[in-house]
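1. would you be able to build a 3D model of this:
(4 chains)
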There are 2 protein chains.
Amino acid sequence: MPALEHRTDDQRTKRSQHEAAIFAACEALLQEGIPYSDLRIEQIATRAGISRTAFYFYFRDKRELLLRLTDELADLLYKEAEGWWAGDGDSVAELEHALRSVVSLYADHGSLLRAVVEASAYDAQVAQFWRELAGRFAEATRSRIEKEQELATVAPEIPAAETAFSLCWMTERSCYQHLVGGGDPRDEAFLAGLIGIWRRAIYGRVDQERRETL
Amino acid sequence: MPALEHRTDDQRTKRSQHEAAIFAACEALLQEGIPYSDLRIEQIATRAGISRTAFYFYFRDKRELLLRLTDELADLLYKEAEGWWAGDGDSVAELEHALRSVVSLYADHGSLLRAVVEASAYDAQVAQFWRELAGRFAEATRSRIEKEQELATVAPEIPAAETAFSLCWMTERSCYQHLVGGGDPRDEAFLAGLIGIWRRAIYGRVDQERRETL
DNA sequence: ACTATGTTTGACACGGTGTCAAGTTCGCTA
DNA sequence: TAGCGAACTTGACACCGTGTCAAACATAGT
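-> This is a model prediction of the structure:
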């Protein structure tokens, strides 16, 4: 009697092998510098060794491919940064380490992240996905700031949520622009700039205080 | 004898009137929340009261329309910010004023700037235009920082170019994200966050110095 | 041998773009 | 006032990429 599930293990692995081939093809094409928006389904399929029509057996469309390609990476990104947020040792050293991890991951997966950032500009679903990811970073940053404000290692007048928001988007955007501008994101000067801003924005004080509103 | 220039003043103004109508139509549609990438030439033309074909008499394509629509605004943006860079009075107050101007302009022309930012993600020409504009801001910021480092009002170990780069992109990205996230860019809390980061990043010092590399 | 599944090929409709030719309107000028 | 010429319209076209479909084929499992 034919069951609902006729697939053998072999077929299952074949399916995931093909998916993997599509993933690889897409990443390879992106790494070759082809902008995501210029990528044609046909190109991806051909590179993966299947027909264009077959592509649609595995993915609804280009967006789904990108999203699935990215969300493993998203976990990675997020986990890498937990050191600082969760830590309770030397704040500045932890912050620096967390930023290095994030930027390093950005460097390793630059072409993929570039694709997401670009797609998020005109695809509402990708935008939401990306904003949620950034939001998790901002939220974690906010709570870390607030925690340290209670410990009085961070000045109480700093608006935690807004500061976290802007710092996170700064990091995203700076990495992206530095990358597309041809720079290596592991560039120490670039990193030093970023780290310095985070450090002073959170732990810094301005000597000549002029306005209490800030 | 027919000269090369047969156009009367009337025709000239008619032409620019039509161009203006196209400009207005495009802005109106963007303001209604239609993403730039979803805008169809037909929509713009219809709204401007001309046929789709006629659109091409005035603009090569959508990109040219966007670019011309933006570069008046670009001048405005840039001029607004000169206060801080050129000034030599109270640095912090000038900085705050400059940021307020820029953010205010962003608020006034949010839908247009949103379109540029979005288009710059998948259109190389728009991207270049936008990066150049941001580059001018970063460059001006860098030279201001260096000037103040000579005057010893800014710490010498701060990397001027890199810091300026990240701060400028932070401002761009934060305004954009705050805007599309539904926030009013004139929101004081948001502004305070931004201004605070700039202020501490440039004029701030961290009490507990740990590493000279930063 | 038979069957279900995965895959290919080739075709199709759709939607938006940019271009073109032919025709219309209207103001200027001779 | 006849007619020229520019601006503009209508309608058609080729092009390209997308997503879907039907029919044929391959192949492994039973």
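2. mind pulling up the pLDDT for the nearest residue to A:A119 once chain neighbours are set aside?
-> With Cβ to Cβ, 6 or more residues apart in numbering or on different chains as the criterion, A:A119 has its nearest non-adjacent residue at 4.3 Å, and that residue is A:V126. Quick note: C-beta positions are derived from backbone N, CA and C, even for glycine. As predicted, A:V126 sits at a pLDDT of 96.
3. same question, A:T13
-> Checking the pLDDT column for A:T13, the value is 63.
4. next one: A:T213
-> In the predicted model, A:T213 carries a pLDDT score of 34.
5. how near is the residue nearest to A:A119 to A:D38?
-> Shown here: A:V126 relative to A:D38, a distance of 16 Å by Cβ to Cβ, to the nearest Å.
6. between those two, which one's more packed in?
-> Comparing A:V126 with A:D38 by other Cβ atoms under 10 Å in any protein chain shown, the one with more neighbours is A:V126, at 21 against 11.
7. so is the strand or helix carrying that one next to DNA strand D?
-> A:V126 is part of helix A:124-150 when elements are defined by DSSP states H and E. No - shown here: helix A:124-150 not in contact with DNA strand D (Cβ under 7 Å from any atom of the strand), separated by at least 11.9 Å.
8. return the distance of that helix from the chain's centre.
-> 12 Å (Cα atoms, centre = their mean, to the nearest Å).
9. residues of it that come out buried?
-> Of the residues in helix A:124-150, those scored as buried under the neighbour-count criterion (16 or more other Cβ atoms under 10 Å in any protein chain shown) are A:126-127, A:129-131, A:133-134, A:137-138, A:140-142, A:144-146, A:148-149.
10. shaky segments in chain A?
-> Chain A contains residues with pLDDT under 70 at A:1-14, A:207-214.
11. one more pass at 90, please.
-> The model of chain A has pLDDT under 90 over residues A:1-18, A:71-91, A:182-186, A:205-214.
12. what residues are up against A:I41?
-> Neighbouring residues of A:I41 by Cβ atoms under 8 Å, 6 or more residues apart in numbering or on different chains: A:R52, A:F55, A:D61, A:K62.
13. can you pull the contacts of the first one?
-> I take that to be A:R52. Going by Cβ under 8 Å, 6+ apart, A:R52 touches A:I41, A:E42, A:A45, A:T46.
14. got a winner among those residues for most neighbours?
-> Neighbours were tallied for each of the contacts of A:R52 (criterion: other Cβ under 10 Å), and the maximum of 20 neighbours falls on A:A45.
15. doesn't A:A54 make contact with that residue?
-> Yes - judged on Cβ atoms under 8 Å, A:A45 makes contact with A:A54 at a distance of 6.6 Å.
16. for A:R205, list each beta-bridge partner.
-> With DSSP bridges as the criterion, the beta-bridge partners of A:R205 are B:R205.
17. thought it was touching B:G204?
-> Yes - between A:R205 and B:G204 there is a contact under Cβ under 8 Å: 5.9 Å.
18. ok, the two, which is more surrounded?
-> A direct count of neighbours by other Cβ under 10 Å for A:R205 and B:G204 places B:G204 higher, at 25 against 14.
19. tell me who's in contact with the nearest residue to the more buried one once chain neighbours are set aside.
-> The shortest distance from B:G204 to any residue other than its chain neighbours is 3.1 Å, reached at A:G204 (Cβ to Cβ, 6+ apart). Contacts for A:G204 (Cβ under 8 Å, 6+ apart) come out as B:R200, B:A201, B:G204, B:R205, B:V206.
20. if we go to 10 Å?
-> A:154-155, A:158, A:196-198, B:155, B:196-197, B:199-207 (Cβ atoms under 10 Å, 6 or more residues apart in numbering or on different chains).
21. so is stretch A:38-58 next to DNA strand D?
-> Yes - on the criterion Cβ under 7 Å from any atom of the strand, stretch A:38-58 is in touch with DNA strand D at A:R40, A:I41, A:E42, A:R52, A:T53, A:Y56.
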